[in-house]
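1. Take this sequence and fold it.
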Amino acid sequence: MKSTICIFFLSFISSSVFSQIQINTNLPNVIGPSDELNVEVKITKSDIEGFAKYQMDVPAGIKAGEGNSLQGSFTFEEQRIKIVWVNIPGEKEFIFSFKLNTGNKKGEIVLNQKFFYLVDGAKKDTEAEPLTINIQDGATTSLASLTLNENASDPISTNENPDVKTNPVVNSNTVTNNPEIKKENGQGITYRLQLGAFGTDPGKSRFSNAGSVSIIQENGLYKVQLGSFSTKEEALAKRSALLQKGIESFIAAYKDGKRL
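-> Take a look at the predicted model:
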């Protein structure tokens, strides 16, 4: 449903007990059914570095898609949006985006957000106040764009069109040379761990603490992957080992070299 009437939006802000993290979104408090929204989230994070993860839980019937993840890895599984950064953007404030589609959902919905990060190697999290939104017939939505604090150091330049990725790559499923990745053609289903997906080649050196990774070009993205396991249990065991190092990943299944 295209926007024709503007509805004032509310900014929802949550601060951590450490006064380090703020989460600010541009979601309104009333939207229409079948609206597709380009949701922006601004994180104010002070000097936090390294691994970080944003997640939002949405009700059944709501769908999500990737926007501008700022070189993070976007996934939407079991009604949970996740964006994982192996190395969080260096700026004290940054804005990323994703898409929400309300489908045929009507009435009140609640969206829950969390932001995870590391402090001196220990995992911390900030939980935002729940977002309560009403989906009403006849309502249409206009979302305002978030802005960065002019006083924040080194402001980022965000991509105003999240559907356009810089330095697009060919959808070729090309795998870089890696002894841990087996040739899968004719070998049935195998499982890989995916650490991230990027619009430009991030380089393997960023992931040296994870092991011998591979970077493939798939669906217009550079995907950082590790291993090639014949069973899901093996992949889960490796994923658990990575989590102990503070490294997030998810399991991607392939058959004859094709993503399932």
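
2. State the number of residues packed around Lys63.
-> 14 (other Cβ atoms under 10 Å). Where C-beta positions appear, they are placed from N, C-alpha and C, glycine not excepted.

3. Number of residues surrounding the nearest residue to it once chain neighbours are set aside?
-> Nearest in space to Lys63, with sequence neighbours left out and distances taken as Cβ to Cβ, 6 or more residues apart in numbering, is Asn101 at 4.5 Å. Burial of Asn101 is recorded as 14 neighbouring residues (other Cβ under 10 Å).

4. For beta bridges, what are the partners of Asn101?
-> Glu36, Lys63 (DSSP bridges).

5. What's the separation between the residue nearest the centre of the chain and Met56?
-> Centroid-nearest residue in the chain, with Cα atoms, centre = their mean: Ile83, separated by 1.9 Å. Separation of Ile83 from Met56 (Cβ to Cβ, to the nearest Å): 9 Å.

6. The residue nearest to Lys63: what's it in contact with?
-> For Asn101, the contact set (Cβ atoms under 8 Å, 6 or more residues apart in numbering) comprises Ser34, Asp35, Glu36, Leu37, Ile62, Lys63, Ala64, Gly65.

7. Now with 10 Å, please.
-> Applying Cβ atoms under 10 Å, 6 or more residues apart in numbering, we find Asn101 in contact with Ser34, Asp35, Glu36, Leu37, Gly61, Ile62, Lys63, Ala64, Gly65.

8. With respect to Gly107, which of those residues is nearest?
-> The shortest approach to Gly107 among the contacts of Asn101 belongs to Gly61, at 10.5 Å (Cβ to Cβ).

9. per-residue confidence at the closest one?
-> Per-residue confidence at Gly61 stands at 89 (pLDDT).

10. Any stretches of the stretch 51-200 of the chain with poor pLDDT?
-> 140-187 (pLDDT under 70).

11. Let me see the ranges of the helices in it.
-> Under the criterion DSSP state H, counting those that start in this stretch, the stretch 51-200 of the chain contains no helices.

12. who does the longest strand along the chain touch, helix- and strand-wise?
-> For the chain, the strand that runs over the most residues, judged by DSSP state E, is strand 107-119. Contact partners of strand 107-119 among helices and strands, from 3 or more Cβ pairs under 10 Å, 6 or more residues apart in numbering; DSSP states H and E: strand 12-15, strand 22-25, strand 36-44, strand 52-57, strand 80-85, strand 122-127, strand 131-135.

13. got a list of what the closest residue to Leu37 other than its chain neighbours touches?
-> Residue nearest to Leu37 in three dimensions, not counting chain neighbours: Leu100, with 4.6 Å by Cβ to Cβ, 6+ apart. Contacts for Leu100 (Cβ under 10 Å, 6+ apart) come out as 27, 31, 35-39, 56, 58, 62-65, 67, 76, 81, 111, 133.

14. Recalculate using a threshold of 7 Å.
-> Leu37, Val39, Ile62, Ala64 (Cβ atoms under 7 Å, 6 or more residues apart in numbering).
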